[in-house]
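Enquirer: structure here, sequence nowhere to be found:
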């Protein structure tokens, strides 16, 4: 599966939008981009996923570039409870679509 | 409420004493898997199951066993635990019908300490 690259940490002011970038330059045409977050040592929480089009749900928006080599997760109004490690994952069918490879993620610090 | 339930949440045991960590999901998911999470190593897949009686090794299967006799349950068995299996364990499930477009849902974790 394609590797992803994320910044190790980011800060965001409470109430502002948090934009978390992810590079996945080796993604192939049938691979999905998934975002999860993990608060402390809880189980990773699913946020959103997409294939080609931008996606939005009640938690966040996912913007995927036209060439699909990068994406951005947007939390429109970050709160202190959004402080977590955010993982960008590319999931596809190269050999096992049920393997999720979690990298190091981005530690998002939301500050008052 | 749709969920993946693991038990116990915390477990302290001694080397060599067999233990089982249970995992159950109520979403009728075909696919289930186990991960361990260690500092600096991220989440690594131990075993997975595509359906009842179908299991396969993940990236770090040594020292673990699993079984899938019922669709909802996927226990993780440590026949002879060792200190290097001290870790945070997560069970996860997803619908296999949608392929890679189906999200993986995680349990709340089991923190295992082997002394």
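Expert: Cool, got the structure. Source: prediction; values computed, not measured.
Enquirer: tally of neighbours for residue A:25?
Expert: Neighbours of residue A:25 under the rule other C-beta atoms under 10 Å in any protein chain shown: 12. Backbone N, C-alpha and C define where each C-beta goes, glycine included.
Enquirer: any idea how far residue B:104 is from the most centrally placed residue in chain B?
Expert: Closest residue to the average C-alpha location of chain B: residue B:34 at 2.7 Å, with C-alpha atoms, centre = their mean. From residue B:34 across to residue B:104, the span is 12 Å (C-beta to C-beta, to the nearest Å).
Enquirer: find the closest residue to chain B in chain A.
Expert: Closest residue of chain A to chain B, C-beta to the nearest C-beta: residue A:43 (3.5 Å).
Enquirer: and the nearest residue to that residue once chain neighbours are set aside, what pLDDT?
Expert: Leaving aside its chain neighbours, residue A:43 sits nearest to residue B:106 (3.5 Å; criterion: C-beta to C-beta, 6 or more residues apart in numbering or on different chains). Per-residue pLDDT puts residue B:106 at 95.
Enquirer: and the residue nearest to the centre of chain B, what's its pLDDT?
Expert: So, for residue B:34, pLDDT stands at 96.
Enquirer: repeat that for residue B:97.
Expert: Looking at residue B:97, its pLDDT stands at 62.
Enquirer: likewise for residue A:93?
Expert: Reading off the model, residue A:93 has pLDDT 60.
Enquirer: repeat that for residue A:98.
Expert: Value for residue A:98, per-residue pLDDT: 64.
Enquirer: what's the answer for residue B:86, then?
Expert: For residue B:86, pLDDT reads 98.
Enquirer: returning to what we had before: wouldn't the residue of chain A closest to chain B be in contact with residue B:108 here?
Expert: Yes. Using C-beta atoms under 8 Å, residue A:43 is in contact with residue B:108, at 5.0 Å.
Enquirer: what about the two, which has more around it?
Expert: For residue A:43 versus residue B:108, neighbours defined as other C-beta under 10 Å are more numerous around residue A:43 (21 against 15).
Enquirer: which strand residues bridge the nearest residue to residue A:53 once chain neighbours are set aside?
Expert: Distances taken as C-beta to C-beta, 6+ apart place residue A:64 nearest to residue A:53, at 7.2 Å, with adjacent residues excluded. Counting by DSSP bridges, residue A:64 is bridged to residue A:71.
Enquirer: run a quick neighbour tally on residue A:64.
Expert: The burial count for residue A:64: 21, using other C-beta under 10 Å.
Enquirer: distance check, it against residue B:101.
Expert: Counting by C-beta to C-beta, the gap from residue A:64 to residue B:101 is 14 Å.
Enquirer: likewise residue B:51?
Expert: Relative to residue B:101, and taking C-beta to C-beta, residue B:51 is found at 18 Å.
Enquirer: from what I can see the residue nearest to residue A:53 touches residue A:48, true?
Expert: No. If you go by C-beta under 8 Å, residue A:64 and residue A:48 don't touch, sitting 10.7 Å apart.
Enquirer: in chain A, which ranges drop under the pLDDT threshold?
Expert: Within chain A, the stretches with pLDDT under 70 are A:1-2, A:92-99.
Enquirer: which residues of it fall in strands?
Expert: A:9-13, A:18-23, A:32-38, A:45-50, A:55-56, A:61-64, A:70-75, A:84-91, A:106-111 (DSSP state E).
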